[in-house]
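Asker: from the sequence below, what's the structure:
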Amino acid sequence: MFRENVKMSWENIFANKMRSFLTVLGIIIGVMAVITLITVMQSATKEVTGQFEALGAGTVSVRAPGTPLKRGLSESDLKEIAALENVSGISPEITTGLSVVYGRSLQEDVSIEGYGFTYFSRNNATVARGRPLLPPDEEQKSLVCVIDRTLSEKLLGGTDPLLKEILINGMRFRIVGILADPESENVMSQFAGANENGKVLMPYTTLMRLLKQDLVGQISVYILDTARADETVEALEAVLKKAFNYKDNSYSVINLESLLDAMNTMLSLMTGLLAGIAAISLLVGGIGIMNMMLVSVTERTNEIGLRKALGARPASIQVQFLLESIMLSFIGGIIGLILGLSASYGLCRLLDIPFSLSLGAIMLGVGFSGAVGIIFGWAPARKASNLNPIDALRSV
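Answerer: Okay, here's the model as predicted:
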């Protein structure tokens with residue numbers, strides 16, 4: 001009996017192809033919108049989370065506004081911070097812009113960046129050729145540097161840059177490494193913007209020597225146990241308050257772990273809001289199905305009356321119309337799913353983010369379309385099952 005009801009429902013749907021298509025159009029658009037929005041947002045969230053984690057889970061950034069000549073952290077402050085419990089290491093950071101000379105070639109406004117030797121391992125930075133900065137370079141304030149491919153091509157042309165000497169602010173630096181091109185820009189580099197003139201990396205101690213300064217304006221602090229991050233940040237702020245004479249506005253502390261949690265919360269709320277808005281079209285599609293099924297009940301009144309006169313039970317009539325509604329919704333849901341996944345993939349490619357298939361979005365879209373079929377098909381099915389066979393046959 002159930003198989004017969006399915007067959008009849010299928011025949012009735014395809015008996016009016018255009019009307020059935022227009023009926024499920026709302027479901028198609030609704031499911032497509034839900035799948036697309038959730039999948040793209042989750043793909044973007046995964047990418048942003050990955051970029052932050054690449055910067056180092058459990059990293060705390062300390063910044064001192066203003067020039068390091070007037071305010072900043074001394075070597076003794078850095079040693080005290082590095083000795084804090086639950087701190088695995090620190091990386092002082094200094095950035096400036098200077099001209100770089102090689103022979104008769106001059107490149108202006110090059111990003112000169114000074115870091116601790118842990119920069120490479122903590123930021124997933126690698127060298128394509130040569131070597132990275134090493135602890136002895138930092139300790140001895142060595143006049144060595146690593147340059148990127150952009151500066152190498154603009155300043156040295158086709159010359160092999162390794163072990164060549166460049167002039168920065170009157171001091172000669174030996175090139176010991178060439179930075180590998182990143183697979184893609186990380187989230188921080190996208191916010192900051194890329195330097196088109198290239199960049200030079202050197203030990204922060206060497207850059208302090210070059211700039212004739214003895215204070216550091218920014219450091220990254222690496223935490224061992226992220227579960228104790230708040231406790232460690234409190235201990236860090238105690239050192240900073242002492243270093244900056246207890247002036248709270250003299251420095252800022254950014255906990256990347258907390259920043260990541262806040263961003264994930266914001267993106268989750270945004271995903272839910274957009275999915276909720278998209279789901280409204282599913283409800284509109286459900287109303288369309290209900291209207292079509294009510295029209296179908298009216299048009300098939302004589303058929304219903306004849307079936308009841310031949311012994312069909314009200315439950316059988318109700319199941320047939322309910323199946324028809326559910327099948328319409330599922331057809332729309334499957335088409336919407338295919339279109340939604342295709343649109344999601346295209347948008348991810350356009351936005352240059354990895355496509356991440358969301359099983360939850362698929363289950364939500366298809367499940368919601370099935371629920372719409374049941375909810376909005378119930379009233380027409382109930383109406384059909386309650387028709388009086390005598391009254392129904394009079395309409396023949």
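Asker: I'd like the distance between Lys383 and Ile27.
Answerer: Relative to Ile27, Lys383 is positioned 21 Å away (C-beta to C-beta, to the nearest Å). Every C-beta, even on glycine, is put in place using the N, C-alpha and C of the backbone.
Asker: please apply the same query to Met263.
Answerer: Distance, Met263 to Ile27, using C-beta to C-beta: 33 Å.
Asker: if you count surrounding residues, which of these two has more?
Answerer: The residue with more neighbours, out of Met263 and Ile27, is Ile27; 30 against 16, by other C-beta atoms under 10 Å.
Asker: for that one, give me its contacts.
Answerer: Counting by C-beta atoms under 8 Å, 6 or more residues apart in numbering, Ile27 makes contact with 282, 285-286, 288-289, 328-329, 332-333, 336, 369, 372.
Asker: if we use 7 Å, what do you get?
Answerer: Counting by C-beta atoms under 7 Å, 6 or more residues apart in numbering, Ile27 touches 282, 285, 329, 332-333, 336, 369, 372.
Asker: so which of the residues you listed wins on neighbours?
Answerer: Neighbour max across the contacts of Ile27 (other C-beta under 10 Å) = Val372, 31 neighbours.
Asker: my read: that residue touches Ser329, true?
Answerer: Yes: taking contacts as C-beta atoms under 7 Å, Val372 lies within contact range of Ser329: 5.2 Å.
Asker: hmm, back to that, confidence-wise, which of the contacts of Ile27 comes last?
Answerer: Of all the contacts of Ile27, Leu282 carries the smallest pLDDT score, 79.
Asker: and that one, which helix or strand is it part of?
Answerer: In the assignment (DSSP states H and E), Leu282 maps to helix 256-299.
Asker: whichever helix or strand comes after that helix packs against which elements?
Answerer: Next along the chain after helix 256-299, taking DSSP H and E as the criterion, comes helix 301-309. Applying 3 or more C-beta pairs under 7 Å, 6 or more residues apart in numbering; DSSP states H and E, we find helix 301-309 packed against helix 389-394.
Asker: change it to 10 Å
Answerer: Using 3 or more C-beta pairs under 10 Å, 6 or more residues apart in numbering; DSSP states H and E, the elements in contact with helix 301-309 are helix 2-15, helix 314-351, helix 359-385, helix 389-394.
Asker: which neighbouring elements make contact with the second one?
Answerer: The contact analysis (3+ C-beta pairs under 10 Å, 6+ apart) places helix 314-351 against helix 2-15, helix 17-56, helix 256-299, helix 301-309, helix 359-385.
Asker: determine which two of the contacts of Ile27 are furthest apart.
Answerer: The distance between the two most remote of the contacts of Ile27 (C-beta to C-beta) is 11.3 Å, for Gly336 and Val372.
Asker: mind listing the shared neighbours of the two?
Answerer: Taking C-beta atoms under 10 Å, 6 or more residues apart in numbering as the criterion, Gly336 and Val372 both touch 26-27, 30-31, 282, 285.
Asker: of the residues you listed, closest to Arg174?
Answerer: Nearest to Arg174 among these: Val31, at 61.4 Å, using C-beta to C-beta.
Asker: pull the contacting residues for the closest residue in space to that closest one that isn't next to it in sequence.
Answerer: What sits nearest to Val31 in space, not counting adjacent residues and going by C-beta to C-beta, 6 or more residues apart in numbering, is Gly336, at 2.8 Å. Residues in contact with Gly336 (C-beta under 10 Å, 6+ apart) are 24-36, 281-282, 285, 365-366, 369.
Asker: re the thing from before, shared neighbours, Val372 and Ser329?
Answerer: Counting by C-beta under 10 Å, 6+ apart, the residues touching both Val372 and Ser329 are 27, 31, 282, 285-286, 289.
Asker: how many residues are close by Val127?
Answerer: For Val127, the count of nearby residues is 16 (other C-beta under 10 Å).
Asker: next one: Ser74
Answerer: Ser74: 12 neighbours (other C-beta under 10 Å).
Asker: care to break the protein down by domain?
Answerer: Split into domains by automatic domain parsing, the chain comes to 2-52+261-394, 65-250.
Asker: so which of those domains comes closest to Thr59?
Answerer: domain 65-250 (5.5 Å).
Asker: quick one: mean pLDDT for the closest one?
Answerer: Domain 65-250 shows a mean pLDDT of 83.
Asker: right, I'll leave it there.
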